[in-house]
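J.: After the sequence you'll find the predicted model.
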Amino acid sequence: MEPIIQTHDLRKVYRLGKIEVPALRGVDCIVHEGEFVAVVGPSGCGKSTFLHVLGGLTGPTSGQILVAGNDFSKMSDADRTRFRRHTIGFVFQRFNLLPTLTARFNIAIAQEIQGNGYNPHRFAEAVEMLGIKEKLDRRPFALSGGEQQRVAIARAVISEPKILLADEPTGNLDSENSLAVLNMLRGLNKTFRQTILMITHNPEAAGVADRIIHMRDGRIISE
């Protein structure tokens, strides 16, 4: 398998006035194409910052990031945004669905934003796999938490990004819905060869992944 994400001596420092707060302290990591990787660690260990830097949502302070062969550390914010739009999908703990739109249009609008146009075959595939075919005409308030997260996942993968980054995707769900969502992520990984990097503080959730990376104090301490 070819590496699709590589970092070398990745560092991120937040500045609060004259105070520097290091969030990443020299992270070296490789994720191969088609892998499902979980990153675990206690709150404040840097795992969410790691995901945000990998996704181009914030720039690194120093170090190198290669994503699908592109060097993020040499890109402008505008270039990272354009690249991210076509290469990376995001799933967050908060579902971030548009409340005035039905599930169908929350998913379809993502294809329009990506600029790839509406693809009915991909749409049908995604909603069938995620078990939301019968829920498409409901607005978010009429969906359970688990159903909203499935819609959010469909929205993230509808435009066939090479990489799916998931930040605590089961954090707002009960155990039954958590298991269902994790199994669906596993299915996306196996069926579509979707590369997935998932942040979680839950060791049981991490157990669905191919590989687990442990972080503490802004560093990878073990795999």
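T.: Great, that's in hand. Numbers count the residues shown, from 1 in each chain.
J.: Bridging across strands, which residues link to the residue nearest in space to the middle of the chain?
T.: The centroid of the chain falls nearest to Leu165 when counting by C-alpha atoms, centre = their mean (1.5 Å). Per DSSP bridges, the residues bridged to Leu165 are Phe90, Leu197.
J.: could you measure it against Asn70, distance?
T.: 15 Å (C-beta to C-beta, to the nearest Å). To be clear about C-beta, it is placed using only N, CA and C from the backbone, and glycine gets the same treatment.
J.: Over to Thr170?
T.: 30 Å.
J.: higher neighbour count, those two?
T.: Thr170 (24 against 14; other C-beta atoms under 10 Å).
J.: I'd say that one and Thr200 touch.
T.: Yes - shown here, Thr170 and Thr200 form a contact pair, counting by C-beta atoms under 8 Å, at 7.2 Å.
J.: which residues of the protein fall in helices?
T.: Here the chain has its helices, by DSSP state H, at 47-54, 77-87, 103-114, 120-129, 145-157, 175-192, 203-206.
J.: Now tabulate those helices in a markdown table and tack on mean pLDDT.
T.: Listed next are the helices of the chain as a markdown table, based on pLDDT from 0 to 100:
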| stretch | mean pLDDT |
| --- | --- |
| helix 47-54 | 94 |
| helix 77-87 | 85 |
| helix 103-114 | 84 |
| helix 120-129 | 85 |
| helix 145-157 | 92 |
| helix 175-192 | 89 |
| helix 203-206 | 90 |
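J.: Thr7 is nearest to which of the ones you listed?
T.: helix 47-54 (7.4 Å; C-beta to C-beta).
J.: now for the closest one, which elements pack on it?
T.: Here helix 47-54 touches strand 3-16, strand 19-32, strand 36-40, strand 62-67, strand 163-167, strand 195-200, going by 3 or more C-beta pairs under 8 Å, 6 or more residues apart in numbering; DSSP states H and E.
J.: again, 6 Å this time
T.: On a contact count with 3 or more C-beta pairs under 6 Å, 6 or more residues apart in numbering; DSSP states H and E, helix 47-54 meets strand 163-167, strand 195-200.
J.: Quick one: distance of the longest one to the chain centre.
T.: Taking the mean C-alpha point of strand 195-200 and that of its whole chain, the gap between them comes to 6 Å (C-alpha atoms, centre = their mean, to the nearest Å).
J.: circling back to that earlier point, which of the helices of the chain sits closest to Ala38?
T.: helix 203-206 (3.7 Å).
J.: List the buried residues for the closest one?
T.: 205-206 (16 or more other C-beta atoms under 10 Å).
J.: same thing with stretch 132-143?
T.: 132, 135-136, 138, 140, 143.
J.: Show me which of the residues you listed is closest to Ile196.
T.: Using C-beta to C-beta, these come closest to Ile196 at Ile132, 18.9 Å.
J.: Format the helices of the chain as a markdown table; extra columns: distance to Pro22.
T.: What follows is these, written out as a markdown table (distance: least, C-beta to C-beta, whole Å):
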| stretch | distance to Pro22 |
| --- | --- |
| helix 47-54 | 10 |
| helix 77-87 | 22 |
| helix 103-114 | 34 |
| helix 120-129 | 39 |
| helix 145-157 | 30 |
| helix 175-192 | 31 |
| helix 203-206 | 24 |
